[in-house]
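In: Following is a predicted model, sequence given first.
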Amino acid sequence: MIENILNERFRNIEYFLSLQIIYIYRNPKDVMCSYFHFSKNVTLQVTSSFEEFMEQFLEGKVLGSLWFDHIKGWYEHKSLFNIQFLMYEEMKKDLKGSLSKVCKFLGKELSEEEMDAIVRQATFQNMKYDPRANYKNIIKTRYGLEAKGHFLRKGTIGDWKNHMTVEQNERFDKIFQRKMKDFPLKFIWDMNEE
């Protein structure tokens, strides 16, 4: 009996370790702003002020917990998984180049026509209105929550500048520097940034 349980657990571990994981990360200021609007649209948060939400986000008192811990935790354990980190902002700037990275990671080759078709379909604007990517109806049917806006809102880089005050930005930067000191992944904060 115990041997069967142990064999099953080892099979599950082997299966899990064989998975290919793609971790898409985004600069946390835009994550926070996007999450604020998403939370308001599907009524996950009771706060209506961005300032309150920022406090909750920075303390990890939002669904999904603390952003800093999440990304650092996955990165610190990357040697245990078959994982590829992709930056959202790079995908926005060079979707075809990002698709090439995904194909290489997955060991897949695509023709130029297939690449172009995927790039056309995978733009933010196309995905915003595609029910396979826009979970607005799933949120309603599965969770009974009525979305007040689009599941996918803007998808822009640097939208945080339209929401954060200078003081909020400076405070966020201090926390980011403290929590992400020596973290090797790079972040893009503005569309014009390389």
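Out: That came through fine.
In: Helices along this structure, start to end?
Out: 2-18, 28-41, 50-59, 67-76, 88-93, 95-106, 112-121, 124-128, 136-143, 166-179 (DSSP state H).
In: so how far is F176 from the closest residue to F81 other than its chain neighbours?
Out: Distances taken as Cβ to Cβ, 6 or more residues apart in numbering place I21 nearest to F81, at 5.5 Å, with adjacent residues excluded. All C-beta atoms are positioned from the backbone trio N, CA, C, and that covers glycine. Distance of I21 to F176, computed by Cβ to Cβ, to the nearest Å: 24 Å.
In: With neighbour numbers in mind, choose between the two.
Out: Taking neighbours as other Cβ atoms under 10 Å, I21 and F176 compare with F176 leading, 18 against 13.
In: can I assume that one is in contact with N27?
Out: No. If you go by Cβ atoms under 8 Å, F176 and N27 don't touch, sitting 9.3 Å apart.
In: picking that back up, tell me who's in contact with the residue nearest to F81.
Out: For I21, the contacting residues are 81-84, by Cβ atoms under 8 Å, 6 or more residues apart in numbering.
In: Weed out the non-buried ones from the residues you listed.
Out: 83-84 (16 or more other Cβ atoms under 10 Å).
In: If we only consider the contacts of I21, which is nearest to D182?
Out: Distance ranking of the contacts of I21 against D182, using Cβ to Cβ, places I83 first at 19.6 Å.
In: if I pick that closest one, what's in contact with it?
Out: Contacts of I83 by Cβ under 8 Å, 6+ apart are 20-23, 74.
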